[in-house]
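> I'd like to go over a predicted model; first the sequence, then the structure.
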Amino acid sequence: QLLVLMQRVKIDIQHTENLLLSIKERLIEAERERIKMQTLADQNAAAVQKAQNKKEQKKMDEMGVMQFNLQPQN
């Protein structure tokens, strides 16, 4: 009966180790996805900032041209 119990414990340990390995693999995949999503979010934020900078530069250029055109001509 002790041998049966030891065999059962070995089976339970093996099952638990397999389960742990499976969970670790899922965790690695989830971390990979998180990094991918973070990269996409960072790229999106950079694109938004670039568009905002371009818009602001255009506005500054327009103001510069307007100011130039308003100067009295000698």
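Yep, that arrived. Numbers count the residues shown, from 1 in each chain.
> tell me the pLDDT at the residue most central in space within the chain?
Residue closest to the average C-alpha location in the chain (CA atoms, centre = their mean): Q38, at 0.6 Å. Looking at Q38, its pLDDT stands at 98.
> For it, pull up the helix or strand it's in.
Per DSSP states H and E, Q38 falls inside helix 2-70.
> ok, back up a step: mind listing what the residue nearest to the centre of the chain touches?
For Q38, the contact set (CB atoms under 8 Å, 6 or more residues apart in numbering) is empty. For glycine as for every other residue, the C-beta is placed from the backbone atoms N, C-alpha and C.
> Burial check on V65, number of neighbours?
When neighbours are defined as other CB atoms under 10 Å, V65 has 10 of them.
> which stretches of the protein aren't confidently modelled?
Residue ranges of the chain with pLDDT under 70: 74.
> cutoff 90 now
1, 68-74 (pLDDT under 90).
> State the number of residues packed around I13.
Counted with other CB under 10 Å, the neighbours of I13 add up to 10.
> could you measure it against L40, distance?
Relative to L40, I13 is positioned 41 Å away (CB to CB, to the nearest Å).
> Likewise for E56?
Counting by CB to CB, the gap from E56 to L40 is 25 Å.
> Angles on the backbone of Q71, please.
When read as degrees, to the nearest 10, the backbone of Q71 gives phi -70, psi 140.
> Share the number of residues neighbouring it, please.
Number of residues near Q71 (other CB under 10 Å) recorded here: 7.
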